[in-house]
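Student: can't give you the sequence, but here's the structure:
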């Protein structure tokens, strides 16, 4: 049944039916009940794409995400957001992307103020600088601006939705994969390679999941676990990384809970004799990591579909603001296990893949 047929049965105008459907404008209680009864009986479902055109208004959405260089992780979520904009702009979704330096708290705060001054209809936020991001979410809540989170979750922040990876389960998966490759005796090194001192909750949750798996495994009694943070800003970071990779001279596996695993892989190539039999597991299918996965230096990469995260985040605002559809509070994307053997099925199209 069409809107025209509903209007005819209710003996009202098309405009009246539209106002009832979209809950805008004044309609008498009696007329509203008559129209709704006909809609219910006919099991009418509005065309959500046509609805965006009917509204004839623009919704301004701002994405606040880290800046990046070509081939880096944050290029993929940005591409996903831009891809969604291309599909949704005709339905009144207007996008602005504001980039901040994820190595600078002051940069984040400055760009956050720009977001607030724009008074957008919605915000897509990558809360990689955890503490400052929490401050921003409080201000967004005070201003009644809905926001969605990608990549990292902030539970109880009041977010419209979170789209990303279950970081704890990702860490457990990394540990399970590593344990299938290594002997049951020796040292496992957990190495957080960082460009800054900022706390990243996602990386911490991955480490917690990794250790949780080990604590409940048969490896527990014979494996040592050593954690290290390597700051790339330190002039002697290469020497520190070398020491972190082999602290007890019996390393059997290394876990890097971020996309910066290629720094460790490069160390493995430079010191082939020492790390020949050491297994390496990390995250994210970026070009630098693909290089070492192809070489067999990295045993496993765990993907989190970052481009899909960006796409779905903008689509959520379309669903909420235009289509008036309910939004999932948390949407955890699949954990992709990528190896040298199945890389061919990912490497060409993975960065352009949108699974919605």
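Tutor: Sure thing, it's come through. Given the structure is predicted, the values throughout are model-derived calculations rather than measurements.
Student: Now do the helices in the stretch 251-356 of the chain.
Tutor: 261-270, 272-275, 287-295, 306-317 (DSSP state H, counting those that start in this stretch).
Student: Relative to the whole chain's centre, how far out is the first one?
Tutor: The gap between where helix 261-270 is centred and where its chain is centred comes out at 26 Å by CA atoms, centre = their mean, to the nearest Å.
Student: how big is the angle separating that helix from helix 287-295?
Tutor: On the basis of axes from the mean of the first three to the mean of the last three CA atoms, to 10 degrees, helix 261-270 is oriented at 40 degrees to helix 287-295.
Student: List the buried residues of helix 261-270.
Tutor: 261, 262, 263, 264, 265, 266, 267, 268 (16 or more other CB atoms under 10 Å). The way it works is simple: take the backbone N, C-alpha and C, and place the C-beta from them, glycine included.
Student: how about the residues you listed in CSV, adding pLDDT and distance to residue 253?
Tutor: CSV is the format used below for the buried residues of helix 261-270 (pLDDT from 0 to 100; distance: CB to CB, whole Å):
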residue, pLDDT, distance to residue 253
261, 96, 13
262, 96, 17
263, 96, 17
264, 96, 11
265, 96, 13
266, 95, 18
267, 93, 14
268, 94, 12
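Student: Check the helices of the stretch 251-356 of the chain for me and report the most buried one.
Tutor: Most buried of these, by mean neighbour count (mean count of other CB atoms under 10 Å): helix 306-317, with a mean of 26.
Student: other SSEs contacting that helix?
Tutor: On a contact count with 3 or more CB pairs under 8 Å, 6 or more residues apart in numbering; DSSP states H and E, helix 306-317 meets strand 59-66, helix 75-88, strand 93-100, strand 122-125, strand 147-150, strand 161-164.
Student: Sheet-wise, list the partners of the fourth one with their directions.
Tutor: I take that to be strand 122-125. strand 59-66 (parallel), strand 147-150 (parallel) (DSSP bridges).
Student: right, so of those strands, which gets closest to residue 16?
Tutor: strand 59-66 (24.6 Å; CB to CB).
Student: and that closest one, average pLDDT?
Tutor: The pLDDT scores in strand 59-66 average 97.
Student: How far does that strand sit from its chain's centre?
Tutor: 14 Å.
Student: Go ahead and name everything in contact with that strand.
Tutor: The contact list for strand 59-66 (CB atoms under 8 Å, 6 or more residues apart in numbering) reads 74, 77-78, 81, 92-102, 111-112, 115, 118, 120-126, 128, 136, 150, 310, 313-314, 317, 321-322.
Student: That one to helix 306-317, inter-axis angle?
Tutor: Using the same axes, to 10 degrees: strand 59-66 against helix 306-317 is 150 degrees.
Student: buried ones in strand 59-66?
Tutor: Neighbour-count burial for strand 59-66 [16+ other CB under 10 Å]: 59, 60, 61, 62, 63, 64, 65, 66.
Student: returning to what we had before: go through the buried residues of helix 261-270 and name the one nearest residue 182.
Tutor: Among these, and counting by CB to CB, the member closest to residue 182 is residue 268, at 14.5 Å.
Student: give the contact list for the residue lying closest to the closest one once chain neighbours are set aside.
Tutor: Nearest non-adjacent residue to residue 268, counting by CB to CB, 6 or more residues apart in numbering: residue 275, 4.2 Å away. Counting by CB under 8 Å, 6+ apart, residue 275 touches 245, 246, 251, 267, 268.
Student: next one: residue 6
Tutor: Contacts of residue 6 by CB under 8 Å, 6+ apart are 17, 35, 38, 39, 42, 44.
Student: tell me the least confident of these?
Tutor: The minimum pLDDT among the contacts of residue 6 falls on residue 44, with 67.
Student: quick one on the thing from earlier: only the buried subset of the contacts of strand 59-66, as a PyMOL command please.
Tutor: The PyMOL command for the buried members of the contacts of strand 59-66 (criterion: 16+ other CB under 10 Å) is given here:
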select buried, resi 74+77+78+81+92+93+95+97+98+100+101+102+111+112+115+120+121+122+123+124+125+126+128+136+150+310+313+314+317+321+322
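Student: So what's the residue count around residue 145?
Tutor: 19 (other CB atoms under 10 Å).
Student: Which phi and psi values does it adopt?
Tutor: phi -100, psi 110 (degrees, to the nearest 10).
Student: residues touching it, list them.
Tutor: Here residue 145 is in contact with 116, 119, 120, 121, 122, 123 (CB under 8 Å, 6+ apart).
Student: And the strands in the chain?
Tutor: 59-66, 93-100, 122-125, 147-150, 161-164, 186-194, 223-231, 251-255, 279-283, 300-303, 330-332, 336-338 (DSSP state E).
Student: Partner strands of the second one, with direction?
Tutor: By that I understand strand 93-100. Going by DSSP bridges, the partners of strand 93-100 are strand 59-66 (parallel).
Student: And the helices in the stretch 101-250 of the chain?
Tutor: 105-118, 130-142, 167-179, 201-215, 237-245.
Student: quick one: contacts of the last one?
Tutor: For helix 237-245, the surrounding residues in contact (CB under 8 Å, 6+ apart) are 189, 191, 193, 226, 228, 230-231, 234, 251, 254, 263-264, 267-268, 271, 275, 278.
Student: Repeat that for the third one.
Tutor: By CB under 8 Å, 6+ apart, the list of residues contacting helix 167-179 from outside reads 152-153, 188, 201-203, 205-214, 217, 219, 253, 255, 257, 279, 281-283, 299-300, 302, 304, 332, 335, 337.
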